[in-house]
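Asker: predicted model and sequence follow; I will ask about them next.
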Amino acid sequence: MAKFILLYKGPATPPADITPELGARLMQAWDAWMGKVGDALVDVGAPFAGSSTAVAGDGSTNSASDLNGYTIVEAPDINAAKTLVDGNPFLDDGTANFAVEIYELGTM
């Protein structure tokens, strides 16, 4: 089985805007999705928090993209990995403002 990283891309909700009630609903949605993914879940991942930057090959810096978290799953191929995204809470707003980018992980 191959491993795939799911990269969450879109505008993050500022932590200060997450009320205890919203936080509880979000955790319930994530728990349900993780339960659905089951044994394919290799690393639940984490949100990206705090400062971010991007460094170019010439040493210049710029703003980082709007990636804001990751999860690692295991699947036989990319199409199977794509099906694991079904029901992912990050995509529950139904707009194109949010996306999950899927990359197969290689070995060094």
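Answerer: Nice, thanks for sending it over. Model, not experiment: these values are computed from the prediction.
Asker: quick one, strands of the chain?
Answerer: For the chain, the strands defined by DSSP state E cover 2-9, 41-47, 54-55, 61-62, 67-75, 99-104.
Asker: list the neighbours of the fourth one that are in contact with it.
Answerer: Surrounding strand 61-62, the residues in contact under the criterion CB atoms under 8 Å, 6 or more residues apart in numbering are 53, 54, 55, 56. For the C-beta atoms, the positions are set from N, CA and C on the backbone; glycine is no exception.
Asker: show me which residues of the lengthiest helix in the chain are buried.
Answerer: When the chain is parsed with DSSP state H, its longest helix is helix 20-37. Using 16 or more other CB atoms under 10 Å as the test for burial, helix 20-37 gives 33, 37.
Asker: then stretch 91-108?
Answerer: 91, 98, 100, 102.
Asker: how close does the first one sit to residue 62?
Answerer: This means residue 91. 27 Å (CB to CB, to the nearest Å).
Asker: try residue 78
Answerer: Residue 78 is 29 Å from residue 62, by CB to CB.
Asker: who's more crowded, those two?
Answerer: Each of residue 78 and residue 62 has its neighbours counted (other CB atoms under 10 Å); residue 78 has more, 12 against 9.
Asker: was I right to think the more buried one contacts residue 101?
Answerer: No: contact criterion CB atoms under 8 Å: residue 78 and residue 101 do not qualify, at 11.5 Å.
Asker: residue 63 contacts residue 56, correct?
Answerer: No: between residue 63 and residue 56 there is no contact under CB under 8 Å: 11.7 Å.
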